[in-house]
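Chemist: build the 3D model from these lines:
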Amino acid sequence: MSQAKKSSMQKVYNLFYVVFVVLLMFKSTSAYADDNVTQAYIDSVSLYHFELGNWDELINTGKLAEKNDINFKWLQQRVGYAYFNKKQYYKSMQHYEQALAFDENDEITRLYLYYNGINTGDISYARYHAGKLSEASRVYIEQRGFRPLDAIDLEFSYKIPESTAINDATYYRFGLNSMLGYQVNLYQSFSSFSQSTDTTQTKQNEYFALIGWNPTAKTNLSLGYHYVGTTVTLSPDTYFYPGNIFFGRISHKLNRMEFSVSGANFNNDWIDTKQLGVHLGIGFSGQNNIYLTSSYYRILETGFDYTYGRNIFKQTAGILLLQRMWTEASINFGNLNHFIDNNGLYIYNSLDPTSFRTGLSVFGYISKPLTVYVNYTFDKKLVVSSNQQYNQHSITGGIIWKI
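Modeler: Alright, predicted model coming up:
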């Protein structure tokens, strides 16, 4: 065949291809008007846009299919992939979950559910789906079932009270995370707090352990224990107040929303507190992965000669400002005396209780294994003995190293 004839045939082929695309787009437009579509049509159009990387058109095709009650695995995978490429991970997750309903053993579906879990910060969700992958896929994404040393973290905090009678305080913490399986996680932490006034010296050493289990991808059960060893020196006497915290939480996700209930009990020789928390979180679609979490706590405190209850409200908001920078802001209302926060990791049992707190954290993903973060917190605190208020500023820095 001559070169000229080949060129002529190629032009004819290109012409037919252009006509086919125009007709396809015209059919797509008219279909929106009369809803006269079939599964075969949706399959061909969605595949066409998928292969060309026309993500917006593919998403619109998915909406057209939904409008006409057309649903099949490959469509949901294609639309999920379109949202994934647009970095709308929550929407991508929803479509891959629909694809999973058609075929629970599909590797591609499980793999992108894993990726969506990673990109939305839901490690337990991601690990659950990683456990359903083949060994070859788990090697590819570098996910092992048992990792006794998965990550370590270090944290240091310096607290500056606006009171001449109270000295600055320090707090440091070392944490260790272990993966006991694709559905079981263990976190342990050792910490120490130290602060003095004109007359007293307080030191508190702590140990914390939290084990979490995901019976399903969207349900998590957590149980924790926290030992609190408080030593108060009022020269020349020293007093030791050991205490124990038992913590539990159950969480369940429904699309972008997460519902949780938590409970905790702290007791030592002179006080007993019971804490119940109800939490509602929601994640928003978009490249910034914005999320909001609202928490309500009811605390019942019992001492030697008193019992009273109080309420605490906490609001948290997070946003991905840049590709490698995450920010989170929080605000607390209520008396935080003996308040147990962050899944049992922190207890606020200072002699001067906080009545209001707000803070801002910034997380920077320096490299694949390394995350660096810094936090500023403002507290309004109350001196119980004199009923006077003062402000306290805290600067906290830390690193998380994924091994």
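Chemist: show me where the stretch 51-200 of the chain has its helices.
Modeler: Assigned by DSSP state H, counting those that start in this stretch, the helices in the stretch 51-200 of the chain fall at 55-67, 73-85, 89-102, 107-119, 123-130, 135-140.
Chemist: packing partners of the last one?
Modeler: Pointing back at helix 135-140 there. Judged by 3 or more CB pairs under 8 Å, 6 or more residues apart in numbering; DSSP states H and E, helix 135-140 is in contact with helix 107-119. The C-beta positions use only the backbone N, C-alpha and C, and glycine is treated the same way.
Chemist: biggest strand in this structure, by residue count?
Modeler: The single longest strand within the chain, with elements called by DSSP state E, is strand 237-254.
Chemist: dump the helices of the stretch 51-200 of the chain to a markdown table, plus mean pLDDT and distance to residue 255.
Modeler: Shown next, in a markdown table, are the helices of the stretch 51-200 of the chain (pLDDT from 0 to 100; distance: least, CB to CB, whole Å):
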| stretch | mean pLDDT | distance to residue 255 |
| --- | --- | --- |
| helix 55-67 | 94 | 15 |
| helix 73-85 | 96 | 14 |
| helix 89-102 | 93 | 6 |
| helix 107-119 | 94 | 13 |
| helix 123-130 | 94 | 13 |
| helix 135-140 | 93 | 26 |
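Chemist: and residue 256, which of these is closest to it?
Modeler: Closest approach to residue 256 among the helices of the stretch 51-200 of the chain is made by helix 89-102 (5.1 Å; CB to CB).
Chemist: next one: the closest residue to residue 100 other than its chain neighbours from residue 132, what distance?
Modeler: Of all residues not flanking residue 100 in the chain, residue 109 sits nearest, at 5.0 Å (CB to CB, 6 or more residues apart in numbering). Distance, residue 109 to residue 132, using CB to CB, to the nearest Å: 10 Å.
Chemist: of the two, give the one with the bigger neighbour count.
Modeler: Each of residue 109 and residue 132 has its neighbours counted (other CB atoms under 10 Å); residue 109 has more, 25 against 20.
Chemist: contact partners for the more buried one?
Modeler: By CB atoms under 8 Å, 6 or more residues apart in numbering, residue 109 lies in contact with 73, 77, 96, 99-100, 103.
Chemist: just the buried residues of those.
Modeler: Buried by 16 or more other CB atoms under 10 Å: 73, 77, 96, 99-100, out of these.
Chemist: pretty sure residue 279 sits in a helix.
Modeler: No - using DSSP: H, G, I helix; E, B strand; the rest coil, the assignment for residue 279 is strand, not a helix.
Chemist: hang on, it packs against residue 313?
Modeler: No - using CB atoms under 8 Å, residue 279 is not in contact with residue 313; the gap is 11.2 Å.
Chemist: skip the chain neighbours and tell me the closest residue to residue 96.
Modeler: Nearest residue to residue 96, sequence neighbours excluded (CB to CB, 6+ apart): residue 80, at 4.2 Å.
Chemist: what's around that neighbour, how many residues?
Modeler: Around residue 80 there are 27 other residues, counting by other CB under 10 Å.
Chemist: OK, contacts around it?
Modeler: The neighbours of residue 80, taking CB under 8 Å, 6+ apart as the test, are 92-96, 99, 112.
Chemist: between those residues, which is closest to residue 163?
Modeler: When those are ranked by distance to residue 163 (CB to CB), residue 93 comes first, at 48.4 Å.
Chemist: any idea how far residue 258 is from the residue nearest to the closest one when sequence neighbours are not counted?
Modeler: Leaving aside its chain neighbours, residue 93 sits nearest to residue 116 (4.1 Å; criterion: CB to CB, 6+ apart). Counting by CB to CB, the gap from residue 116 to residue 258 is 15 Å.
Chemist: and the two? which has more neighbours close in?
Modeler: Legend: neighbour count by other CB under 10 Å for residue 116 and residue 258, higher for residue 116 (26 against 19).
Chemist: and that one, what does it touch?
Modeler: Contacts of residue 116 by CB under 8 Å, 6+ apart are 84, 89-90, 92-93, 96, 126.
Chemist: hmm, back to that, partners of whichever helix or strand comes after the longest strand of the chain in the sheet?
Modeler: Using DSSP states H and E, the helix or strand that follows strand 237-254 in sequence is strand 257-267. Looking at strand 257-267 with DSSP bridges, its partner strands are strand 237-254 (antiparallel), strand 272-283 (antiparallel).
Chemist: now those strands in CSV, with mean neighbour count?
Modeler: Conversion of those to CSV gives the following (neighbours: other CB atoms under 10 Å):
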stretch, mean neighbour count
strand 237-254, 15
strand 272-283, 17
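Chemist: now, among the contacts of residue 109, which is nearest to residue 215?
Modeler: The nearest one, if we look at the contacts of residue 109 relative to residue 215 and count by CB to CB, is residue 100, at 16.6 Å.
Chemist: residues touching the spatially closest residue to residue 79 that is not a sequence neighbour, list them.
Modeler: In space, and not counting its chain neighbours, residue 79 is closest to residue 62: 3.7 Å by CB to CB, 6+ apart. Contacts for residue 62 were tallied using CB under 8 Å, 6+ apart; they are 46, 75-76, 78-79, 82, 95.
Chemist: relative to residue 201, how far out is residue 62?
Modeler: In terms of CB to CB, residue 62 sits 64 Å off from residue 201.
Chemist: quick check: buried residues in the helix or strand containing residue 319?
Modeler: Element membership for residue 319, per DSSP H and E: strand 307-322. For strand 307-322, a neighbour-count test (16+ other CB under 10 Å) marks 312, 314, 316, 318-320 as buried.
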